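K.L.:
From the sequence below, what's the structure:
(2 chains)
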Amino acid sequence: MQPVNFNPAKHLNGIKVFLFMVCLVPLLRLIWGAWQNELGANPIEFVTRSLGDWTLNFLLITLTISPLRKLTGWHWLLRLRRMLGLYAFFYAVLHLTTYLWLDQFFDWSAIAKDILKRPFITIGMSAFVLLTPLAATSSNAMIRRLGGRRWQQLHRSIYVIAIFAVVHYWWMVKLDIRQPLIYAAILGILLGIRALWREQERRRQLTRSGVPQPPNCAT
Amino acid sequence: MLTKSPYDIVASEITPRETWLRRREFLKGAAASALVAGLPGVFNPTTVYAAEKLSGTLKSPLSTHETQTPYKDITSYNNFYEFGTDKSDPAGNAQALKTRPWTVTVEGLVKQPKTFALDDLLKLAPLEERIYRMRCVEGWSMVIPWLGLPLATLLKRVEPLGSAKYVEFISAADPVSMPGVRSHLLDWPYREGLRLDEAMHPLTILAAGLYGETLPKQNGAPLRLVVPWKYGFKGAKSIVRIRLVDREPVTAWMKAGPGEYGFYSNVNPEVDHPRWSQATERRIGEFLKRKTLPFNGYAEQVAQLYAGMDLRKNF
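P.N.:
Purely as a prediction, here's the structure:
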């Protein structure tokens, strides 16, 4: 036994099962709270907001995987990303369901009006519509069918989705935008680091391909 | 036919909230004792207790007979940004507010400006129970048994001049006891306003109590405005100053969002908030949503105040 040399890559199945259960905790907490009548004076609002928060959390966690892997060299992290992304979709479906059911009671004309008239609903719904094909193409079979490059192109829309989701929250808030600002800042870092790395990569390729560098470019 | 008027039962008797209140007092007392142990003579634990029974209050024909929202919900789900923007913030943070001694200055375009000690102000008229619907601009509502006196009683006392057209309400803004005031979300102090005829309307009250007891701090102790046909934010809390003026006051919410919050802010299912609909509301404690009523169901009493006005423009 050498616990010091624990290699996560070798225990991926166990990690996945553990992660799967951890990701259900926010939902179980809500169910428990509802059962114990501990969700406050306006439990439906509490549930809707909480599910929205967790959709955003999972979107951002999913977007953290790739930079984290690059920084740490833990390539096995990539194998967890699909599950995290699907959990973002799972919580998005629940969040949307609370709106359609507990807020609008499936009054489709009122819902249609809401989507057209209220920017925060419009952008939230757009984020959901864009997220759906990503969930639908998450299986290995779909990746093979689409081909790696096309699949990757499609799944880049996660950046737009995450921006839409943060804006959805921002526009929904009555006055105190501190919470959405925190989400925006984290998303800014996650997208910024990608832009930075991409730029560095571009420069590296330029140097490698023998194109002369600008004279003042420090290396 | 009603065999028994709902008025036969005093609100505070039907609601089994005594034990619940005790628990809070016990906790508060325990916290105070812990402080006192460290700082002898600085804190007096008896001042920590908030609720006192208000006796000899009158019933009012202006009260609604609808099911009252439980005390716990009324006192744990509050918008009182001086104590934080989360609805659970005021119940905790507001306990630091010192509500006694308290004075309210009534001034401006009046013949007899005066600073009232709270106790004197509350003796101007016997306190009445007013069970009112309260509709928040966010789309939820409650039914609240306030105790208070008509604002008109106070205003008549100071004799408004003919030039007085509006009334401005200014709330306490103490950065030490009110953590929200240290942020700059709203332009403190909180300001609200009414047209003089709205302020003199019999439905408009200054509330000092809730459920037969003094007003909990998170609900705007020691004295707050209640205007039941307007969105809840019109009800300025912890009022320290009332001014009679000749121009429409600019309220805190008008400054924060001129396109979203108007001076009148009458409950109106036809006029949406720019970002959400006002057609329906969730009554706290109910599963299905209700249709929102014009003037929050008080149209019969107040609609004539706005005869000929474009309520879409004067939102």
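K.L.:
Provide a list of residues in contact with residue 87.
P.N.:
In the absence of a named chain, this looks at chain A. By Cβ atoms under 8 Å, 6 or more residues apart in numbering or on different chains, the residues touching residue A:87 are A:23, A:58. In short, each C-beta sits where N, CA and C put it, glycine included.
K.L.:
Sorry, I should have been clearer: chain B.
P.N.:
A:40, A:41, A:42, B:76, B:77, B:78, B:79.
K.L.:
Among those, which one has the most neighbours?
P.N.:
Greatest neighbour count in the contacts of residue B:87, by other Cβ atoms under 10 Å in any protein chain shown, goes to residue B:78: 25 neighbours.
K.L.:
host element of the residue nearest to the spatial centre of chain A?
P.N.:
Nearest residue to the geometric centre of chain A (Cα atoms, centre = their mean): residue A:59, 1.1 Å. Assigned by DSSP states H and E, residue A:59 falls within helix A:43-72.
K.L.:
Next: residue B:301.
P.N.:
Using DSSP H and E, residue B:301 falls in helix B:299-302.
K.L.:
which outside residues touch that helix?
P.N.:
Helix B:299-302 is contacted by residues B:62, B:198, B:201, B:202, B:203, B:229, B:266, B:293, B:295 when judged by Cβ under 8 Å, 6+ apart.
K.L.:
of the contacts of residue B:87, closest to residue A:127?
P.N.:
Among the contacts of residue B:87, residue A:42 lies closest to residue A:127 (Cβ to Cβ), at 24.3 Å.
K.L.:
separation between the closest one and residue B:67?
P.N.:
16 Å (Cβ to Cβ, to the nearest Å).
K.L.:
cool, residue A:180 as well?
P.N.:
With distances taken as Cβ to Cβ, residue A:180 is found 36 Å from residue B:67.
K.L.:
Among these two, which residue is more densely surrounded?
P.N.:
Legend: neighbour count by other Cβ under 10 Å for residue A:180 and residue B:67, higher for residue A:180 (18 against 11).
K.L.:
does residue 138 sit in a helix, a strand or a coil?
P.N.:
In the absence of a named chain, chain A is used. coil (DSSP: H, G, I helix; E, B strand; the rest coil).
K.L.:
Chain B is the one I meant
P.N.:
Residue B:138 ends up coil, using three-state DSSP.
K.L.:
Check residue B:133 too.
P.N.:
strand.
K.L.:
Could you report the neighbour count for the residue lying closest to residue A:44 once chain neighbours are set aside?
P.N.:
Distances taken as Cβ to Cβ, 6 or more residues apart in numbering or on different chains place residue A:102 nearest to residue A:44, at 4.8 Å, with adjacent residues excluded. As a burial measure, residue A:102 scores 17 neighbours (other Cβ under 10 Å).
K.L.:
now residue A:37
P.N.:
8.
K.L.:
can you tell me which residues contact it?
P.N.:
residue A:43.
K.L.:
Show me the shaky parts of the chain.
P.N.:
Because you didn't say which chain, this covers chain A. A:1-4, A:210-219 (pLDDT under 70).
K.L.:
that's the other chain; I wanted chain B
P.N.:
B:1-50, B:56.
K.L.:
now the helices for it?
P.N.:
Remark: helices assigned in chain B by DSSP state H are B:11-14, B:18-38, B:71-74, B:89-93, B:118-122, B:151-158, B:196-200, B:252-256, B:299-302.
K.L.:
likewise chain A?
P.N.:
A:12-35, A:43-72, A:81-97, A:108-117, A:119-136, A:140-146, A:148-155, A:157-172, A:178-208.
K.L.:
Please compute how far the third one lies from its chain's middle.
P.N.:
The chain centroid and the centroid of helix A:81-97 are separated by 8 Å, computed with Cα atoms, centre = their mean, to the nearest Å.
K.L.:
What lies in contact with stretch B:161-169?
P.N.:
By Cβ under 8 Å, 6+ apart, the residues outside stretch B:161-169 that reach it are B:108-111, B:151, B:155, B:191-196, B:199, B:225, B:236, B:239, B:241-249.
K.L.:
which parts of it are buried?
P.N.:
B:164, B:166, B:167, B:168, B:169 (16 or more other Cβ atoms under 10 Å in any protein chain shown).
K.L.:
what's the answer for stretch A:183-190, then?
P.N.:
A:183, A:184, A:186, A:187, A:190.
K.L.:
May I have the residues that are in contact with the closest residue to the second one other than its chain neighbours?
P.N.:
When you say that, I think you mean residue A:184. Nearest non-adjacent residue to residue A:184, counting by Cβ to Cβ, 6+ apart: residue A:166, 5.1 Å away. Contacts for residue A:166 were tallied using Cβ under 8 Å, 6+ apart; they are A:56, A:180, A:183, A:184, A:187.
K.L.:
what does residue A:156 give?
P.N.:
Contacts of residue A:156 (Cβ under 8 Å, 6+ apart): none.
K.L.:
what do you get if the cut-off is 10 Å, keeping everything else the same?
P.N.:
residue A:134 (Cβ atoms under 10 Å, 6 or more residues apart in numbering or on different chains).
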